[in-house]
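> Attaching a predicted model along with its sequence, questions to come.
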Amino acid sequence: MVYEIQIILFYQRQFTLTSPKHVFQSALPAERGVSRCPVCKCLQSSVAGFVLENPGFSVAKSFFSYRRVRVCTGVSVMEWYAHKTLDNGVFWIQERFYESGNRANIWLIRGSHQDVVIDAGLGLRSLPDYISSKGLLGDDTKRKNPLLAIGTHVHFDHSGGLHQFQQVGVHKAEVDALANGDNFETVTWLSDREIVENPSPGWTARQYRVKAVQPTHILQEGDVINLGDRQLTVLHMPGHSRGSICLHDKDNKMLFSGDVVYDGSMIDWLPYSAIGDYVRSCERLVEMVDKEEVELVMPGHYNTFGAKRLHRLASSYISNAGTCHKVSTCAVKSVASLALRFSNSCSVC
């Protein structure tokens, strides 16, 4: 968030300006061109980008002057997230200032006795505070169990905010990774350029880590999460990661697919990816479409889509998962694993 402060200096009067490390003149409109604050990388005008190089200095003027400045204080919770209300008590939440193909969809599903969040984003600002402040849980929260956050898998873009919740569920294959804060298995890979407005002053991507949290709900194939007036069935769909799951709302024929399938290139070259598992998971998806069990997919990334597109995406992966794909993927996987090991060792340092 950027606050504007008006500083007025009167005739022959000396003032001491005490301020944060980085203070700027008021920015001009974005179309006039922008640059970034060298400390917190917040956007500011390149035209009006006069930097007070020594904040906390004494200023003396022999005339009346007026100056408006910008103080970088980070992005508020209410600004960080945005949401869209869908049908059937479903809310689609995203992190506005995380501009990357890795930006995950966050789904909030309201039930008569239990509300569920599916995936929790990076966790740079409080997701529970946003949900509460926006009144997304309605007026009857006292009659319900605490909000349950489920990770479709533990990759950083989906699991970074899970530590903010009292109740957390992940598949049993990835419980240890989340409980230990294993940032290799969470494939933590975040750059400064992807965060276009910093969540707090001085924040850098180098500091970012997925925080350890002990899951309260250890999920496995066939588990049913009872929300009261609707149920979500856990489908273990490994391939993208070893603990990837989909959540199936059978009555409404909705599938919350995480990164098992989305309308883009499916990733099978990460440390715990497995092409053979991915093929079998895609075969299950094709079978679900053939049985008319899915009409709408709520994916982990990008836009929602229907059954025909789901069938096409799953079938395409199966047909392309031949020997050439396996060989090339093996090479990419080795490089990716080395890069992640190096990146996370540097982050610890």
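Thanks, I have it. Numbers count the residues shown, from 1 in each chain.
> Can you check the pLDDT for residue 22?
Confidence at residue 22, expressed as pLDDT, is 34.
> Residue 4 now?
For residue 4, the model assigns a pLDDT of 34.
> The one 3 residues further on now?
The predicted structure scores residue 7 at 31 on the pLDDT scale.
> now do residue 74
78.
> And for residue 63?
So residue 63 comes in at 34 (pLDDT).
> Tell me which helix or strand the residue positioned nearest the centre of the chain sits in.
Central residue of the chain (C-alpha atoms, centre = their mean): residue 121, 2.4 Å from the mean position. Following DSSP states H and E, there is no helix or strand that holds residue 121.
> thinking residue 238 is in contact with residue 276, fair?
No: using C-beta atoms under 8 Å as the test, residue 238 is too far from residue 276 to be in contact (9.4 Å). C-beta: built from backbone N, CA, C; applies to glycine.
> on that earlier part again, pull up the gap between the residue nearest to the centre of the chain and residue 81, please.
Residue 121 is 8 Å from residue 81, where distance means C-beta to C-beta, to the nearest Å.
> Name all residues that sit in contact with these two at the same time.
By C-beta atoms under 8 Å, 6 or more residues apart in numbering, residue 121 and residue 81 have these common neighbours: 93-95, 127.
> returning to that earlier point: out of residue 238 and residue 276, which sits in the more crowded spot?
residue 238 (21 against 12; other C-beta atoms under 10 Å).
> got a list of what the more buried one touches?
173, 244, 274, 277-278, 281.
> tell me which residues of the longest helix out of those in the chain are tucked away?
Looking across the chain with DSSP state H, the single longest helix is helix 323-348. Of the residues in helix 323-348, 329, 333, 336-337, 340, 343-344 count as buried by neighbour count, 16 or more other C-beta atoms under 10 Å.
> biggest separation within those residues, which pair?
Spatially, the most separated pair among the buried residues of helix 323-348 is 329 and 344, at 21.7 Å (C-beta to C-beta).
> From residue 266, how far off is residue 307?
17 Å.
> where does this structure dip in pLDDT?
Applying pLDDT under 70 to the chain flags the ranges 1-73, 140-143, 346-349.
> can you list the domain ranges for it.
The chain resolves into domains spanning 2-72, 77-339 when parsed by automatic domain parsing.
> Deepest-packed of the ones you listed, please.
domain 77-339 (a mean of 19; mean count of other C-beta atoms under 10 Å).
> before we move on, the earlier item: which member of the contacts of residue 238 is positioned nearest residue 218?
Ranked by distance to residue 218 (C-beta to C-beta), those are led by residue 173 at 9.8 Å.
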